[in-house]
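Engineer: When you get a sec, could you give me coordinates for this:
(one chain, ligands or ions: 1)
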Amino acid sequence: MGRLTGKVAFITGGARGQGRAHAVRLASEGADIVVSDVCGPVEHNMVGPSTLDDLAETARRVEEHDRRVIARQVDVRDLAALEALAADAMAQLGRIDIVVANAGILAWGHAWEITTEEWQSVLDVNLTGVFHTVKATVPHLIRQGQGGSIILISSSAGIKGQPFTLHYTAAKHGVVGICRGLANELGRYDIRVNSIHPAGVNTAMGDVPGLMALIAAEAETLGPVFMNTLPHTFMEPDDVSSAVLWLASDDGRRTTGAQIPVDLGTCNR
Ligand SMILES: NC(=O)c1ccc[n+]([C@@H]2O[C@H](COP(=O)([O-])OP(=O)(O)OC[C@H]3O[C@@H](n4cnc5c(N)ncnc54)[C@H](O)[C@@H]3O)[C@@H](O)[C@H]2O)c1
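Structural biologist: Numbering: from 1, shown residues only. Predicted structure coming up:
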């Protein structure tokens, strides 16, 4: 028996990177998986696009654990598509217990040079996309009447004043607002809501020389904002999955409304 046997997890942005790692790790503990991703370019995302093949590879890795999987191309900006996916998950897998709102994009530049279009794109995916994900799934968890765990992937930029990414920093702080408000509303249903705050993770989003160049140019004054405490620059996606698994499982059953750093100590700087 795994720690999540009999559970179903609904994960966005799972074609690759951290979302894929969460899907595979939760499946390895017995959960069936509903995984979605936009699988293509998103306007103003400065990170390269994921593909349908990436999503199929996530599904294949879940199936290696003998778990059922629904994998679908869905944009978190499309509430109706997320609602349809949640309805199909209920019809085919019977339940939803765990929600991981992970999909995200990144852009960078000096704050005063960010266009209104770039601002809106980052807010649409990284903040409104999280709202859509919980709006599409929470009614099913409430009707089920057996509690649940909602895990929102924010960032160290959801706690610190990360420069050169004002839209991203604002959206990730906004995710904390969703987390804390929602945790209070859903507590009576024994549904927990927590946010995770990774720092640099070894994914496509972690490999951004353009942002690194901006940081390097102002390293003397702003470099310390990005400084870690532990002697590593990056983590692996599975390091974040360990926190996701803890929150998803009964081990995390007394924690709600919390901001969990998985950040090499940067938020303590
Ligand atoms: N990599 C890091 O250093 C880092 C640090 C802190 C937080 N994060 C956050 O972790 C999460 C996962 O990022 P990652 O590091 O795996 O990067 P990633 O770029 O590999 O993964 C993000 C995934 O989200 C998908 N996505 C983007 N827009 C979408 C949309 N509109 N609808 C559905 N899917 C969409 C992408 O296609 C991609 O597969 C993001 O929320 C990110 O902001 C990343």
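
Engineer: any idea where the helices of this structure begin and end?
Structural biologist: With helices called from DSSP state H, the chain shows them at 17-28, 52-63, 79-93, 116-123, 129-144, 166-186, 209-217, 219-222, 237-248.

Engineer: hmm, who's touching the first one?
Structural biologist: Residues outside helix 17-28 that contact it (Cβ atoms under 8 Å, 6 or more residues apart in numbering): 2, 4, 7, 9, 11-14, 33, 35, 37, 54, 57-58, 61-62, 65, 67, 69, 98, 100, 102-103, 153, 198, 201, 203-205, 236-238, 240-242, 244-245, 248. C-betas here are computed from N, CA, C, even on glycine.

Engineer: Could you check how far the residue most central in space within the chain is from the ligand?
Structural biologist: By Cα atoms, centre = their mean, the chain has its centre lying nearest to residue 102, at 1.8 Å. Going from residue 102 to the ligand by Cβ to the nearest ligand atom, to the nearest Å gives 5 Å.

Engineer: and the lengthiest strand in the chain, does that touch the ligand?
Structural biologist: Longest strand of the chain, by residue count under DSSP state E: strand 191-198. Yes. Under the criterion of Cβ under 6 Å from any ligand atom, the ligand is reached by strand 191-198 at residue 198.

Engineer: I'd like the mean pLDDT over that strand, please.
Structural biologist: What strand 191-198 shows for mean pLDDT is 98.

Engineer: what's that strand packed up against?
Structural biologist: When contacts are defined as 3 or more Cβ pairs under 8 Å, 6 or more residues apart in numbering; DSSP states H and E, strand 191-198 packs onto helix 129-144, strand 148-153, helix 166-186, helix 237-248, strand 259-262.

Engineer: now the angle from the fourth one to helix 17-28?
Structural biologist: It stands for helix 237-248. Angle of helix 237-248 versus helix 17-28, following axes from the mean of the first three to the mean of the last three Cα atoms, to 10 degrees, is 50 degrees.

Engineer: Which elements pack onto helix 237-248?
Structural biologist: Under the contact criterion of 3+ Cβ pairs under 8 Å, 6+ apart, helix 237-248 touches helix 17-28, strand 98-101, strand 148-153, strand 191-198, strand 259-262.

Engineer: same thing with the longest one?
Structural biologist: When contacts are defined as 3+ Cβ pairs under 8 Å, 6+ apart, helix 166-186 packs onto helix 116-123, helix 129-144, strand 148-153, strand 191-198.

Engineer: can you redo those as JSON lines with mean neighbour count and distance to residue 256?
Structural biologist: Below are these laid out as JSON lines (neighbours: other Cβ atoms under 10 Å; distance: least, Cβ to Cβ, whole Å):
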{"stretch": "helix 116-123", "mean neighbour count": "16", "distance to residue 256": "25"}
{"stretch": "helix 129-144", "mean neighbour count": "21", "distance to residue 256": "13"}
{"stretch": "strand 148-153", "mean neighbour count": "26", "distance to residue 256": "9"}
{"stretch": "strand 191-198", "mean neighbour count": "26", "distance to residue 256": "4"}
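
Engineer: Report how many residues lie close to the closest residue to the ligand within the stretch 101-250 of the chain.
Structural biologist: Going by Cβ to the nearest ligand atom, the ligand is nearest to residue 104 of the stretch 101-250 of the chain, at 2.5 Å. Residue 104 has 28 neighbouring residues, counting by other Cβ atoms under 10 Å.

Engineer: Also the one 3 residues further on?
Structural biologist: Burial of residue 107 is recorded as 24 neighbouring residues (other Cβ under 10 Å).

Engineer: What's the per-residue pLDDT of it here?
Structural biologist: At residue 107, the pLDDT value in this model is 98.

Engineer: residue contacts, it?
Structural biologist: Contacts of residue 107 (Cβ under 8 Å, 6+ apart): 44-46, 114, 118, 121-122, 165, 167-168.

Engineer: Now the two most distant members of these.
Structural biologist: Spatially, the most separated pair among those is 45 and 114, at 13.8 Å (Cβ to Cβ).
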